[in-house]
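Asker: predicted structure and sequence below. I'll ask about it afterward.
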There are 2 protein chains.
Amino acid sequence: MSTRTEIAALGEFGLIRHLTEKIVLKNESTVKGVGDDAAVLDYDGRQILVTTDLLLEGIHFDLTYAPLKHIGYKAAIANFSDIYAMNGKPRQITVSIGISKRFCVEDIEEIYSGLQIACDNYKVDMIGGDTSASLTGLTLSITCIGEVEKGKAVYRSGAKDTDLICVSGDLGAAYMGLQLLEREKSVFAGEKDFSPDFGGKEYLLERQLRPEARRDIIEMLADTGIMPTSMIDISDGLSSELLHICRDSNVGCRIHEDRIPIDFQTAAMAEQFNMNLVTAALNGGDDYELLFTVSLAAYEKIFAMKGVHLIGHITDAPAGSYLVGRDGGEVKLTAQGWS
Amino acid sequence: MSTRTEIAALGEFGLIRHLTEKIVLKNESTVKGVGDDAAVLDYDGRQILVTTDLLLEGIHFDLTYAPLKHIGYKAAIANFSDIYAMNGKPRQITVSIGISKRFCVEDIEEIYSGLQIACDNYKVDMIGGDTSASLTGLTLSITCIGEVEKGKAVYRSGAKDTDLICVSGDLGAAYMGLQLLEREKSVFAGEKDFSPDFGGKEYLLERQLRPEARRDIIEMLADTGIMPTSMIDISDGLSSELLHICRDSNVGCRIHEDRIPIDFQTAAMAEQFNMNLVTAALNGGDDYELLFTVSLAAYEKIFAMKGVHLIGHITDAPAGSYLVGRDGGEVKLTAQGWS
C-alpha cells in the first residue's frame, strides 16, 4: 500500500524543505545551493547568483486586471529582488513562456516588452529561454543570474542576538492594491469596458502591478560601508520572511507594531475595507522590500539612511519571535504560504 | 485598432526569433545570449553555460504512460544535453514545479527522485527552484548551468563548406517509442490495470521514457583532440537541427539517406506501423543525440570513433540543404516545430 501525504499537511515551506533537505552538493563551484534567495556559484572569479521563479495564471496573476506588460515587468523584478537580497547585482535572465491558443503574438510581445523594460532599467541581459504551447493558461518561468564580490554574499543565516532589524520602504501597499483590484473586478463582473475610479489610490495599484526592486538600498549600504549580517526580500510578507531569518540564524526577534512602515494610502484603504492594517503589513505579499539585520554598531548610519526603518531587534532563540503591540502585549509571529 | 498575428503564422522558431532579435547585450559578462543551446557567461574565470526548459503536462509528457520519476529524469537529461551540445559540462540545475491538487507529496518526490538520479549520474547539483500551486496540470521548469574552458564553447554558427556532418547514436527510436505508447494507450483506453506486451521493444521505450545525454561523446572528442566546428543536440529532429546549423553558419548541406543511423527495432516498428522510416528518423524528436560538424582533416579520427556516424557534408549556402536518397535523388530538408 502506498502512502499519501497531502501537500497541505506540509505547507509550501515544509514541502520545499522536505524535498531538498537530502541534497548533497558535489561540485567545488557550488558555494550555496537550495535554501536562500539565490544559489551562489564560484567559477574562479567573482561569485555567481542564480534564482528562479515560476508564475502561473490564476495563481500569481489575474489577466482580468493585470496587463501582460506589467506581468512581464513584475516577473523580472521579483527575480532581481532575490539577487539584491543576496547583496548581489542581477546580470542575466532566462525566460520560459507557456502559451495557449488564447494568446497571439502581440500578447507575447507585451510580456517580453515588460521584461525588456525591467532589464533595461536594471541593466540586465535576457540570455535565453524556452517558448512552448500550453493546453491551459499562461505560464512564465524566469531564472536570474547575478554576481557578488567574493565574501560579500549576505545569507539568511547570519543574524546575531542584539542585531537591529531593518526594513526598506513601506509594507502592505501591494496587498491593499490587490484587494482593491479584486473588489473592482467583482463589482464590475460581466460589464464591458468598465473603468473604475482609482483616483487617490494610484500608489497601491503601482505597488501591486508595477513594483520595483531595491537596488538603491544595496548601493546605499555599500556606499556607507554597512554589511548586513542577514538579508531577505519580502515577497511573502514580513512575518514569514523574518521567521526564515530567525530559523536559519537560530535566533528570536522582537519587532514593534508602531515601527512597521505603512503608507497613508495603505492605512486609508484598510480602514475603508474594515481590515486589520497590521495583519496586511505583516502578511501581505508582493512588497519586494528588503528585510535585513545589522550589528548594533551600525545604528547611527542606519538611522540616518533614507528609506530604511528600524523595526526591532534580534534576540536569542529561546526568547522566541514576537510582535510587540502598541499596548506592550506580545503576539507570536506566524508564517503563511500556499498549501 | 490592434493587430492580431496568430502564433501559427510565425511558427515556434519564427516566434522566438521575432521576440529576441532586438535584444542588445549590455554586460561584458554576457558572451553569448539567446540563439544557441545555452548562453555563455564570463565571470573572469571559466565560462558559464545556462540553458532552460519548460515542460507542460499534455504537451511534453502524458501521465497516462510516463512515470513521474522518468519525467524528472528526462527533464534533467534534456538540459544536460544542451550543455554538452555547447561542448560544456553541466554543473548545477534549478527546478521549478507547478502542481495541482491532483498531486500528493509522494508524486512530487517521484519527480525529484528522477531529477536526483540524473543529477547523481551526471555529477550535477540541484541548487534551487520554486514550487507553486497550479490550477491546471503539472508544470516543470528546469534551468541548467554548466562550464566550459574559455574558447572551447562550440556554437551552431561555425560550420564551413566541406566540413563533415556527424551524428551520435541512432535516430527515430524515441519517436517510435512514443508511437508505441500512444497506440497502447488508445487500444486499452478505459481498461484498468492494462499491461501491454512491450517484449522486444524495450529499446524504443527506453529511448522515449529514459533517454541519456551524450557526455561520452564530448569526452571522446576531447580525448581525441577534435574540436567540432559546430554542434547542436537533436531534440526536435535531425532535419530541424541541421537547418539551424546551416542557417546560423550560412552554409548548405548534403546528408545521405543510407547513412542515417537507425536501430533495427526502430525499423521493425516503422514497418509494423506502415510509417516512413526516414521521416521518423529525420523529424522524430526526443533523441538527445549530438549533431556536429568537423573539418575534413578530422576524417580518420572521426571514422574510428565508436558511436559516431558520418552522414554527409557541409556545402556553400547557394547549394541549399538536401537529403540525398538511395536512388541519388535530392529532397529539400524542412523543419518542424510546434505552432
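Answerer: Here it is on my side, so go on.
Asker: give me the low-pLDDT residue ranges for chain A?
Answerer: A:1-2, A:7-8, A:10-45, A:188-195, A:336-339 (pLDDT under 70).
Asker: ranges for the strands of it?
Answerer: A:30-32, A:39-42, A:47-56, A:89-99, A:125-133, A:139-148, A:164-168, A:230-234, A:251-256, A:289-294, A:308-316, A:321-324, A:330-332 (DSSP state E).
Asker: and the last one, which strands flank it?
Answerer: Going back to what we said before, that points to strand A:330-332. Strand A:330-332 sits in its sheet next to strand A:321-324 (antiparallel), going by DSSP bridges.
Asker: could you list the buried residues of the strand it pairs with?
Answerer: A:321-324 (16 or more other Cβ atoms under 10 Å in any protein chain shown). All C-beta atoms are positioned from the backbone trio N, CA, C, and that covers glycine.
Asker: same thing with stretch A:307-321?
Answerer: Neighbour counts using 16+ other Cβ under 10 Å place A:308-315, A:321 of stretch A:307-321 among the buried residues.
Asker: chain center to it, what's the gap?
Answerer: Centroid displacement of stretch A:307-321 relative to its chain, using Cα atoms, centre = their mean, to the nearest Å, is 19 Å.
Asker: residues near A:Val167, how many?
Answerer: Neighbour count for A:Val167, taken as other Cβ atoms under 10 Å in any protein chain shown: 27.
Asker: residue contacts, it?
Answerer: A:234, A:238, A:260-261, A:289-292, A:308-309, A:311 (Cβ atoms under 8 Å, 6 or more residues apart in numbering or on different chains).
Asker: and which of those is nearest chain B?
Answerer: A:Ile234 (16.5 Å; Cβ to the nearest Cβ).
Asker: who's the closest one bridged to?
Answerer: For A:Ile234, the beta-bridge partners are A:Glu289 (DSSP bridges).
Asker: distance-wise, check the residue in the stretch 151-300 of chain A that chain B sits nearest to relative to A:Glu206.
Answerer: With Cβ to the nearest Cβ as the measure, A:Ser235 is the residue of the stretch 151-300 of chain A nearest to chain B, at 10.9 Å. With distances taken as Cβ to Cβ, to the nearest Å, A:Ser235 is found 17 Å from A:Glu206.
Asker: which of the two has more neighbours?
Answerer: Using other Cβ under 10 Å as the criterion, A:Ser235 and A:Glu206 rank with A:Ser235 on top: 20 against 15.
Asker: do me a favour and get the end-to-end distance for stretch A:168-179?
Answerer: 22 Å (Cα to Cα, to the nearest Å).
Asker: ugh, wrong one, I meant stretch A:204-213
Answerer: Using Cα to Cα, the end-to-end distance of stretch A:204-213 comes to 16 Å.
Asker: buried ones in it?
Answerer: A:204-205, A:207-213.
Asker: give me the distance between it and the centre of its chain.
Answerer: On Cα atoms, centre = their mean, the centre of stretch A:204-213 falls 12 Å from that of its chain.
Asker: likewise for stretch A:137-156?
Answerer: Centroid displacement of stretch A:137-156 relative to its chain, using Cα atoms, centre = their mean, is 12 Å.
Asker: which of the residues in it are buried?
Answerer: Neighbour-count burial for stretch A:137-156 flags A:137-148, A:153-156 (criterion: 16+ other Cβ under 10 Å).
Asker: contacts only, for A:Asp258.
Answerer: A:Arg326.
Asker: who's in contact with the spatially most central residue of chain A?
Answerer: Centroid check for chain A by Cα atoms, centre = their mean gives A:Ser235 as the closest residue, at 2.3 Å. Residues in contact with A:Ser235 (Cβ under 8 Å, 6+ apart) are A:78, A:81, A:241, A:285-288.
Asker: switch to 7 Å and redo it
Answerer: A:78, A:81, A:285-286, A:288 (Cβ atoms under 7 Å, 6 or more residues apart in numbering or on different chains).
Asker: now do A:Ile245
Answerer: Listed by Cβ under 7 Å, 6+ apart, the contact set of A:Ile245 reads A:156, A:159, A:230, A:232, A:293.
Asker: swap in A:Asn79?
Answerer: So A:Asn79 contacts A:51, A:53, A:90, A:93, A:142, A:144 (Cβ under 7 Å, 6+ apart).
Asker: the second one is in contact with B:Asp130, isn't it?
Answerer: What that stands for is A:Asp53. Yes. With contact defined as Cβ atoms under 7 Å, A:Asp53 counts as touching B:Asp130 (5.4 Å).
Asker: more crowded one of those two?
Answerer: A direct count of neighbours by other Cβ under 10 Å for A:Asp53 and B:Asp130 places A:Asp53 higher, at 24 against 19.
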